[in-house]
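> just need the structure, nothing else, for what follows:
(one chain, ligands or ions: 1)
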Amino acid sequence: MSDEKIQLMVCTGATCTMKGSRDILNQISKLSAEKRDAIDLDTQRCFARCEASDGLWCPCVRVNDEWLIEAQWDDVRSALNKLLDD
Ligand code: FES
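Predicted coordinates for the structure are as follows:
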């Protein structure tokens, strides 16, 4: 596992929340302390990606420089696990 923290940003705007970003945040809170320590979690109320996609890209999550669109927990978990294993 790298010493550098994973930058994880989850949108908590209305459309992303309606489409599941709260579930993602809930799942993150259930990660082991070791994994949570490796993640720098931040939230933002709307990245304006909902407007750009008419809501199709929501929920929007960014993991380091990678945007996950229509992000579900499995997508976020896979992206995190890939980085945590490095
Ligand atoms: S509500 Fe998430 S990008 Fe706008």
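
> quick one: pLDDT of the residue in the chain that the ligand sits nearest to?
Among the residues of the chain, residue 13 lies closest to the ligand, at 2.4 Å counting by C-beta to the nearest ligand atom. For glycine as for every other residue, the C-beta is placed from the backbone atoms N, C-alpha and C. You'll see residue 13 listed with a pLDDT of 97.

> for the closest residue to it other than its chain neighbours, list the residues it contacts.
Distances taken as C-beta to C-beta, 6 or more residues apart in numbering put residue 46 closest to residue 13, at 3.2 Å, once the chain neighbours are dropped. Residues counted as contacts of residue 46 (C-beta atoms under 8 Å, 6 or more residues apart in numbering) are 11, 13-16.

> so which of these are in strands?
If you go by DSSP state E, these have residue 11 in strands.

> pull the most distant pair out of the contacts of residue 46.
11 and 14 (9.7 Å; C-beta to C-beta).

> who has more neighbours, those two?
Ranked by neighbour count (other C-beta atoms under 10 Å), residue 11 and residue 14 place residue 11 first, with 26 against 13.

> quick one: average pLDDT of whichever strand or helix holds residue 51?
Using DSSP states H and E, residue 51 sits within helix 49-53. Helix 49-53 comes out with an average pLDDT of 94.

> interface residues of this structure facing the ligand?
11, 13-16, 46-50, 58, 60 (C-beta under 6 Å from any ligand atom).

> number of residues surrounding residue 45?
10.

> quick one, what contacts it?
Listed by C-beta under 8 Å, 6+ apart, the contact set of residue 45 reads 11-13.
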